[in-house]
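Student: What follows is a predicted protein model with its sequence.
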Amino acid sequence: DGGITQSPKYLFRKEGQNVTLSCEQNLNHDAMYWYRQDPGQGLRLIYYSQIVNDFQKGDIAEGYSVSREKKESFPLTVTSAQKNPTAFYLCASSLWDRDAGELFFGEGSRLTVL
Amino acid sequence: QQQVKQSPQSLIVQKGGIPIINCAYENTAFDYFPWYQQFPGKGPALLIAIRPDVSEKKEGRFTISFNKSAKQFSLHIMDSQPGDSATYFCAAREANFGNEKLTFGTGTRLTIIP
């Protein structure tokens, strides 16, 4: 089945630790995205990538880092510099096309900082 | 600054009723307006979308009404069912850009009671 796989589904981390969230897609999409979801705030864009080896900051990139070494993979690292890392993180992909609207989302990773 | 304002934050409707979720925007450069549906613990999925050249679009029991002059659009769910209970997000995207310029509303948690 084609889709987006995020792992882990739940993750606990101590303050001061970096953590990496995995995102893999087999939809052959060029574009991939990371969103953060907090109650009452909707979805906010952290980083996005249009092609391999290139990525751009979104609206709330501070304290996060990404890489795009393969078309299928777009991991997100939540660094110790992120002040409020506890959140639900969503990875998405889409065609890179001005007329393509649909974002395909993974099932999310819930990060809790203890 | 919230570019897409969504209301209400939560909504409880009896089975068979017609829940209505409203969104308003200010940016006249928006030209694509999708709605996403999210079930608990899952990622959002595209439900229906509209462009400003039409005032209404129906897909099954879901209808988008669009008022370009008022800069408002809304989602109506006909003959609502308990399985429609989910969080709904409206969104808007700027013309000539991809999903990196997709702005989400804050979400509406809909509960359909039997």
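Tutor: Nice, thanks for sending it over.
Student: Residues of chain A that sit close to chain B?
Tutor: Contact residues (C-beta under 8 Å from any C-beta of the partner chain) of chain A with chain B: A:4, A:31, A:33, A:40-45, A:48, A:50, A:56, A:58, A:90, A:92, A:94, A:96-98, A:100-103, A:105-108. C-beta: built from backbone N, CA, C; applies to glycine.
Student: and residue B:49, what element?
Tutor: Using DSSP states H and E, residue B:49 maps to strand B:45-50.
Student: of the residues of chain A next to chain B, buried ones?
Tutor: Neighbour counting by 16 or more other C-beta atoms under 10 Å in any protein chain shown classes A:4, A:31, A:33, A:42-45, A:48, A:58, A:90, A:92, A:94, A:96, A:101, A:103, A:105-108 among these as buried.
Student: which residues touch the residue of chain B found nearest chain A?
Tutor: As assessed by C-beta to the nearest C-beta, chain A sits closest to residue B:43 within chain B, at 3.0 Å. Residues near residue B:43 by C-beta atoms under 8 Å, 6 or more residues apart in numbering or on different chains: A:4, A:90, A:92, A:105, A:106, A:107, A:108.
Student: Could you do residue B:25 as well?
Tutor: Residues in contact with residue B:25 (C-beta under 8 Å, 6+ apart) are B:3, B:4, B:5, B:71, B:72, B:92.
Student: measure it to residue A:112 for me?
Tutor: Remark: distance between residue B:25 and residue A:112 (C-beta to C-beta, to the nearest Å) = 33 Å.
Student: so what's residue A:44 bridging to?
Tutor: residue A:36 (DSSP bridges).
Student: Mind checking which of the contacts of residue B:25 are buried?
Tutor: Among the contacts of residue B:25, those classed as buried by neighbour count (16+ other C-beta under 10 Å) are B:4, B:71, B:92.
Student: Distance-wise, check the residue lying closest to the first one once chain neighbours are set aside relative to residue A:81.
Tutor: Spelled out, that is residue B:4. Of all residues not flanking residue B:4 in the chain, residue B:105 sits nearest, at 4.5 Å (C-beta to C-beta, 6 or more residues apart in numbering or on different chains). In this view, residue B:105 and residue A:81 are 29 Å apart by C-beta to C-beta.
Student: Which of those two has more residues huddled nearby?
Tutor: With neighbours defined as other C-beta atoms under 10 Å in any protein chain shown, residue B:105 and residue A:81 compare such that residue B:105 has more, 25 against 11.
Student: my guess is the more buried one contacts residue B:5, does it?
Tutor: Yes: applying C-beta atoms under 8 Å, one finds residue B:105 in contact with residue B:5, separated by 6.8 Å.
Student: mind listing what the residue lying closest to residue A:9 once chain neighbours are set aside touches?
Tutor: Setting aside the residues directly before and after it, residue A:9 is nearest to residue A:109 in space (C-beta to C-beta, 6+ apart), at 6.2 Å. Residue A:109 sits next to A:6, A:7, A:8, A:9, A:10, A:11, A:21, A:88, A:89 when contact means C-beta under 8 Å, 6+ apart.
Student: Check what pLDDT the third one gets.
Tutor: Per-residue confidence (pLDDT) for residue A:8: 96.
Student: Confirm residue A:29 sits in a helix?
Tutor: No: using DSSP: H, G, I helix; E, B strand; the rest coil, the assignment for residue A:29 is coil, not a helix.
Student: Contact partners for it?
Tutor: Residue A:29 sits next to A:93, A:94, A:95, A:96, A:104 when contact means C-beta under 8 Å, 6+ apart.
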